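Undergrad: Mind folding the following:
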Amino acid sequence: MTQDAITWLEIDALRAAIEKGALSATQIAEHYLARIAELDPKLQAYSVVYADRARATAARLDAAQAKGEPLGPLHGVTVALKDLCDVAGEPTRAGTTALGDVPAAEDAEVVSRLEAAGAIVLGKVKMTEGAFVEHHPSVVPPVNPWNADRWTGISSSGSGVAVAAGLCTIALGTDTGGSIRYPSSACGLSGLKPTHGRVSLRGVYPLVDSLDHIGPMARSVADASVAFSVLCGHDPGDSWSLAENPMPIPLPATPSMRGKRIGYDARFCSEGIDPELFEIFQANVEVLRSLGAEIVEFEMPSFEEALGSWIFLGSAEIANAHAETYPSKKGQYGEGLAGSIELGRNISGQDVAKAWRARIAFSRRLEGCFSAGDADGQAGLDGIVVPVSVGRFPANANLGDPGSLPYGAAAMRFTSPFNLSGSPSLTLCGGFDCDGVPVGFQIVGRHCDEGGLLEIGAAYQAATEHHKARPDSV
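TA: Predicted structure coming up:
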């Protein structure tokens with residue numbers, strides 16, 4: 001097997017090669033560590049590489065296999081962690097210098113689940129400061145392997161670059177206003193933002209607890225599905241964890257969209273978006289239709305007031321998350337995150353109450369779109385198809401300063417509403433723009449129906465080739 005072939009193996013193929021003895025976990029770990037050493041000085045995805053930990057994990061996996069122990073679902077699969085996930089004995093920096101070098105006492109729940117399933121943690125990848133809108137001044141931002149002049153997405157920028165460039169098989173991303181979906185779209189990935197509470201946030205440094213989602217970023221829906229099956233489940237140590245949190249249904253051998261009702265609001269999806277991106281989006285709506293999905297024209301619930309509520313809720317919770325280090329270490333914060341904390345420290349309780357009211361109203365209306373039936377006897381929607389990004393942003397674009405960006409004023413219209421509702425969303429690569437940079441779209445689903453979203457995504461990828469493309473630079 002060639003080195004290039006090892007790089008791009010999907011999880012099922014990788015595990016099959018290990019079972020047959022064609023590969024060992026040690027060979028896989030060494031391959032990716034060498035690739036990181038070769039390519040990451042240019043791409044700047046990793047903040048720290050755990051070479052010794054990765055080698056020790058791989059040796060332990062090989063020894064267990066030699067004893068005849070069963071392989072876990074992620075046996076030998078390499079993973080990169082966003083640097084807000086605790087790893088015992090290592091500092092969690094969350095993209096800032098303000099948190100210092102105090103080592104974490106224990107692994108985050110998601111890290112424990114990954115390693116228990118046989119994953120090899122290669123290290124931590126870079127992110128925007130505190131998972132907000134821009135990188136800390138001390139951080140050299142990751143570089144998009146498709147085009148160095150283009151955006152990597154926020155805030156899971158390192159996760160997106162690492163997976164797209166073949167510096168790991170899967171990575172963890174978090175999404176508070178679009179940060180799994182943006183980098184998945186910008187880097188050509190399959191990113192799953194699960195229902196809020198489906199994957200534990202214990203040991204994950206918060207941005208906005210009530211809006212934070214954590215999920216897998218992968219090159220295929222099949223890989224994202226395997227990773228999600230490991231990550232999801234109730235965690236009694238996490239106050240946000242859903243008590244009713246069953247194991248997801250595995251992808252069927254032959255995924256299908258037939259019988260799926262997918263909502264499409266042409267006005268919502270076309271307003272404020274770059275015409276080229278909308279054309280690519282529309283083409284994918286027709287692909288879904290051609291594969292047997294029923295495309296249902298509907299009207300998205302009014303979201304404008306709720307979108308404004310993100311600022312009030314977000315700022316208040318961001319200030320709370322950083323209460324131990326701000327303002328005592330104010331000088332170590334970048335301007336963007338510090339500004340949001342200041343807003344949160346001075347916001348009124350009345351404004352927060354109004355924001356919560358707007359959030360719940362939007363969430364209830366959106367929930368009704370997925371309900372079992374309506375007044376006309378029609379079944380509810382199985383998904384809603386929506387763009388991800390409104391425009392083609394330059395490298396290191398700052399959504400905190402939307403006036404400086406083309407289409408920036410509408411930057412978060414397709415993402416933040418679905419954090420407010422806690423809805424699951426699957427981002428898919430839907431093609432490439434005139435510069436050869438990936439363009440993603442998303443399917444938003446009903447709560448806890450990640451299985452349905454993943455089947456739609458798998459059926460789409462069985463009929464298309466976009467997710468199989470690789471950046472020329474790597």
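Undergrad: Quick check on the closest residue to residue 469 other than its chain neighbours: phi, psi?
TA: Of all residues not flanking residue 469 in the chain, residue 188 sits nearest, at 6.5 Å (Cβ to Cβ, 6 or more residues apart in numbering). For glycine as for every other residue, the C-beta is placed from the backbone atoms N, C-alpha and C. Backbone torsions of residue 188, given as degrees, to the nearest 10, read phi 80, psi 40.
Undergrad: same question, residue 216
TA: phi -90, psi 150.
Undergrad: Can you work out which other helices and strands pack against the top helix by length along the chain?
TA: In terms of residue count, the longest helix belonging to the chain (DSSP state H) is helix 349-369. In this structure, helix 349-369 packs against helix 304-321, helix 417-420, with contacts taken as 3 or more Cβ pairs under 8 Å, 6 or more residues apart in numbering; DSSP states H and E.
Undergrad: OK, contacts around the residue nearest to residue 308 when sequence neighbours are not counted?
TA: Spatial nearest neighbour of residue 308, excluding adjacent residues (Cβ to Cβ, 6+ apart): residue 358 at 7.3 Å. Listed by Cβ atoms under 8 Å, 6 or more residues apart in numbering, the contact set of residue 358 reads 305, 306, 308, 309.
Undergrad: JSON lines please, covering those residues and showing pLDDT and neighbour count.
TA: As requested, the contacts of residue 358 are exported to JSON lines (pLDDT from 0 to 100; neighbours: other Cβ atoms under 10 Å):
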{"residue": "305", "pLDDT": "89", "neighbour count": "14"}
{"residue": "306", "pLDDT": "88", "neighbour count": "24"}
{"residue": "308", "pLDDT": "88", "neighbour count": "14"}
{"residue": "309", "pLDDT": "91", "neighbour count": "24"}
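Undergrad: Adding distance to residue 271, write those out as a markdown table.
TA: Output for the contacts of residue 358, formatted as a markdown table (distance: Cβ to Cβ, whole Å):
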| residue | distance to residue 271 |
| --- | --- |
| 305 | 16 |
| 306 | 16 |
| 308 | 16 |
| 309 | 20 |
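Undergrad: ok, how many other residues are close to residue 313?
TA: Residue 313 sits with 24 neighbouring residues when counted by other Cβ atoms under 10 Å.
Undergrad: Surely it is in contact with residue 353?
TA: No: using Cβ atoms under 8 Å, residue 313 is not in contact with residue 353; the gap is 10.3 Å.
Undergrad: what separates residue 164 from residue 3, distance-wise?
TA: 18 Å (Cβ to Cβ, to the nearest Å).
Undergrad: Same question for residue 342.
TA: For residue 342 relative to residue 3 (Cβ to Cβ), the value is 50 Å.
Undergrad: do the same with residue 451
TA: Residue 451 sits 35 Å away from residue 3, going by Cβ to Cβ.
Undergrad: Could you check which of those two is surrounded by more residues?
TA: For residue 451 versus residue 3, neighbours defined as other Cβ under 10 Å are more numerous around residue 451 (20 against 9).
Undergrad: what about the closest residue to the more buried one other than its chain neighbours, how many neighbours?
TA: Spatial nearest neighbour of residue 451, chain neighbours left out: residue 249 (4.1 Å); criterion: Cβ to Cβ, 6+ apart. Neighbour count for residue 249, taken as other Cβ under 10 Å: 14.
Undergrad: distance of residue 249 from residue 217?
TA: Distance from residue 249 to residue 217, counting by Cβ to Cβ: 21 Å.
Undergrad: Same check on residue 463?
TA: In terms of Cβ to Cβ, residue 463 sits 22 Å off from residue 217.
Undergrad: So those two - more neighbours on which side?
TA: Taking neighbours as other Cβ under 10 Å, residue 463 and residue 217 compare with residue 217 leading, 32 against 13.
Undergrad: List the contacts of that one.
TA: With Cβ under 8 Å, 6+ apart, residue 217 has these contacts: 156, 159-160, 163, 170-173, 180, 183-184, 189-192, 224.
Undergrad: Try it again at 7 Å.
TA: 156, 159, 160, 163, 170, 171, 173, 180, 184, 189, 191 (Cβ atoms under 7 Å, 6 or more residues apart in numbering).
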